[in-house]
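Enquirer: Provide a 3D model corresponding to the input given below.
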Amino acid sequence: MQNKVFEKLEAYQPEMFKLLEKLVNIDSSQDNPEGIEQIAKILGTEFAKLGFDINYHESNGPMQLIATRPNPGKPKVMFMGHMDTVFSKGSAAARPFKCEDGKFYGPGVMDMKSGLCMTVYILKALLESGYDDADLTVFFVGDEEVSHPYSDADKNFYELGKGKDMVFNMEPGRDHGEVTYGRKGVWRPLIKVKGIPTHAGNAYEAGASAILELAKKTVDLFAITDLEAGTTCNVGTFHGGTLPNIMAEDAECILDVRFTNIEEYKKAKAKIEEICSFTYDQRCKIFLEKRPGEFMPSFDVTEGGMRLFHFVQKIHQELGLGELKGTFVGGASDAAYTTQVGAPTLCSMGPTSVGAHSNNEFAYVDSYLGRCKLIAECLMRVNEFVANK
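Expert: Next up, the predicted model:
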């Protein structure tokens, strides 16, 4: 079957790139949920042609696409990804899809519309070749870039991930094609300080500056960073005051806390809560507030995940694609959710790409076929992987 599947993957490359161009030229940021829905419908139509049951799931957020092809008794394989980008409405018109010097450009071309298209054509090549060795699930969300602030995507990841034997998150491959077997989690709480406003010239001592209180706390917050443990705390925004001649009544900041696992998160959270419970000026009041989409768990390095990585790494070598390297990175992804329910998960399975979230992001054209073959071969050998648990 391998030859047949690989021949189809090669033949389908131009068609896959046409689909990629179509998706990249649709704005799908949070300010254009209609674009996210349009992409979901385009992809859903493609999966329906392959015999998948399609659910255009809606909650308090952009549309989610759930495509399933049940095959009772067979290993359970899941593909995951996101249809949204960080690029606002109008970006596609300003910077449409293009191919130049062996690279694809355009908003979201790497993060992560390439991975979405690859999923379609990997499964198309397999199923049209008679593949019948797995129970298949595809789950694409519409609000990953903002950490699912209002939708139930996180709950669906947990539910759909349960019992899966192999999960591929089709996020872009790293700069040199590396895949990701672990990622830090992120927590972004809001801290507010309420002081006492007075005239800075006539009643300085009667005032309690919220800015001064928060500035002192900022030093404490940065001190939470423990590079050895992999925990960092950054005060990313700081706002306060109204006029220079008024002691600031209000000040606030938003943190970016990164952690390698849930235990380190709990430690950092406890330290931040302790900092917020203390006041340098007892006349000030401190509030640690929740924000929509403030938290994404860590994609922990697990035994199952590393077993999948080594399996994929071995196949990569056997296919003559060279050494496949894995990495642990600081940016979060939805791979965290399926890992938390015990599903062996590997992230960054898309093409070799550079420049995520920048106007110059691109993906190397010659990296698509090899990665498609790699993933297809993993599915063709899924029984081997499951047997070696």
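
Enquirer: what about residue 163, distance to residue 127?
Expert: Using C-beta to C-beta, to the nearest Å, residue 163 is found at 22 Å from residue 127. (C-beta placed from N, C-alpha, C; glycine too.)

Enquirer: So these two - more neighbours on which side?
Expert: More crowded of residue 163 and residue 127, by other C-beta atoms under 10 Å: residue 127, with 18 against 11.

Enquirer: Find the nearest non-adjacent residue to the more buried one, please.
Expert: residue 50 (5.1 Å; C-beta to C-beta, 6 or more residues apart in numbering).

Enquirer: Just give the number of residues close to that neighbour.
Expert: For residue 50, the neighbour count with other C-beta under 10 Å is 16.

Enquirer: and it, what does it touch?
Expert: 69, 123, 124, 127 (C-beta atoms under 8 Å, 6 or more residues apart in numbering).

Enquirer: got a winner among those residues for most neighbours?
Expert: Counting neighbours by other C-beta under 10 Å, the top entry in the contacts of residue 50 is residue 123, with 26 neighbours.

Enquirer: how far away is the closest residue in space to residue 377 that isn't next to it in sequence from residue 262?
Expert: Closest residue in space to residue 377, ignoring its immediate chain neighbours: residue 315 at 5.2 Å, by C-beta to C-beta, 6+ apart. Residue 315 is 31 Å from residue 262, where distance means C-beta to C-beta.

Enquirer: same question, residue 134
Expert: Taking C-beta to C-beta, one finds residue 134 at 30 Å from residue 262.

Enquirer: and those two? which has more neighbours close in?
Expert: Using other C-beta under 10 Å, the more surrounded residue of residue 134 and residue 262 is residue 134, with 22 against 14.

Enquirer: Distance check, the residue nearest to residue 275 when sequence neighbours are not counted against residue 315.
Expert: Spatially, and ignoring its direct neighbours in sequence, residue 275 is nearest to residue 220 (4.9 Å; C-beta to C-beta, 6+ apart). Look at residue 220 and residue 315: by C-beta to C-beta, they are 49 Å apart.

Enquirer: more crowded one of those two?
Expert: Between residue 220 and residue 315, counting by other C-beta under 10 Å, residue 315 is the more crowded of the two (21 against 16).

Enquirer: Give the next helix or strand downstream of the host helix or strand of that one.
Expert: Element membership for residue 315, per DSSP states H and E: helix 303-318. Where DSSP H and E defines the elements, the next helix or strand beyond helix 303-318 is strand 326-329.

Enquirer: So what touches that following strand?
Expert: If you take C-beta under 8 Å, 6+ apart as the criterion, strand 326-329 is touched by 174, 178, 179, 180, 181, 182, 183, 184, 260, 301, 309, 313.

Enquirer: so how far is that strand from its chain's centroid?
Expert: In terms of C-alpha atoms, centre = their mean, to the nearest Å, the centre of strand 326-329 is found 14 Å from the chain centre.

Enquirer: The host helix or strand of residue 114: how far from the chain's middle?
Expert: Using DSSP H and E, residue 114 maps to helix 114-128. Taking C-alpha atoms, centre = their mean, one finds the center of helix 114-128 at 20 Å from the center of the full chain.

Enquirer: Show me which residues of the next helix or strand after that helix are buried.
Expert: Toward the C-terminus, helix 114-128 is succeeded by strand 135-141 as the next helix or strand (DSSP H and E). Residues of strand 135-141 classed as buried: 135, 136, 137, 138, 139, 140, 141 (neighbour count, 16 or more other C-beta atoms under 10 Å).

Enquirer: can I get these in CSV with pLDDT and distance to residue 154?
Expert: Formatted as CSV, these follow (pLDDT from 0 to 100; distance: C-beta to C-beta, whole Å):
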residue, pLDDT, distance to residue 154
135, 98, 23
136, 98, 22
137, 98, 16
138, 98, 17
139, 98, 12
140, 98, 14
141, 98, 9
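
Enquirer: what's the closest of the residues you listed to residue 376?
Expert: Residue 376 lies nearest to residue 136 out of the buried residues of strand 135-141, by C-beta to C-beta, at 12.6 Å.

Enquirer: so what's that closest one up against?
Expert: Taking C-beta under 8 Å, 6+ apart as the test, what residue 136 contacts is 52, 68, 69, 71, 77, 78, 79, 123.

Enquirer: roughly how far apart are it and residue 353?
Expert: In terms of C-beta to C-beta, residue 136 sits 25 Å off from residue 353.

Enquirer: For the contacts of residue 136, work out which two are farthest apart.
Expert: Greatest spacing in these, by C-beta to C-beta: 71 and 79 (14.7 Å).

Enquirer: Compare these two and say which is more crowded by neighbours.
Expert: It is residue 79, of residue 71 and residue 79, that has more neighbours when counted by other C-beta under 10 Å, with 25 against 14.

Enquirer: Mind listing the residues bridging to the more buried one?
Expert: As for beta bridges, residue 79 partners with residue 138, residue 168 under DSSP bridges.

Enquirer: Can you give me the pLDDT of it?
Expert: In this model, residue 79 is scored at 98, pLDDT.

Enquirer: Kindly calculate the angle that the helix holding residue 114 makes with strand 135-141.
Expert: With axes from the mean of the first three to the mean of the last three C-alpha atoms, to 10 degrees defining the directions, helix 114-128 sits at 160 degrees from strand 135-141.
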